[in-house]
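Novice: Got a sequence here, can you model it:
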Amino acid sequence: MVEARRRAEDGPTGLGFTASKKVGNAVARNRARRRLREAARQLLPEHGLPGVDYVLVARQSAVDAPWAALLDDVGNALIRLRAELTGPPSSGAKRARPRAAESD
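Specialist: Modelled structure (predicted):
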């Protein structure tokens, strides 16, 4: 899983990694973080945006997933986030629901 938050338009790209105990013991968590770090090193120059902080969250599958599948998953997540961050801003306004007519 990849999360992103825009900080500034032209600032440096931030990068963080996390792996909870659900991933496994310390060896498994470190392996998952190392694999995600290498995937980010390969993919962020192409798919990352300047001024955005990215956090890659390790899941249990990150430990044993085939390398090509891991790269594909992280790449797809980065592409999706890039589209969301560069797309038109949402208005943030919610439409109110019409109320049903009350009967007496």
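Novice: pLDDT below threshold where in this protein?
Specialist: Scanning the chain with the threshold set as pLDDT under 70 gives 89-104.
Novice: Just the strands from it, written as ranges.
Specialist: Assigned by DSSP state E, the strands in the chain fall at 2-6, 14-18, 52-57.
Novice: Let's have those in CSV, adding distance to L71.
Specialist: Backbone N, C-alpha and C define where each C-beta goes, glycine included. Shown next, in CSV, are the strands of the chain (distance: least, Cβ to Cβ, whole Å):
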stretch, distance to L71
strand 2-6, 13
strand 14-18, 16
strand 52-57, 12
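Novice: Redo those as a markdown table? Include mean neighbour count.
Specialist: Compiled in a markdown table, those are given as follows (neighbours: other Cβ atoms under 10 Å):
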| stretch | mean neighbour count |
| --- | --- |
| strand 2-6 | 15 |
| strand 14-18 | 15 |
| strand 52-57 | 19 |
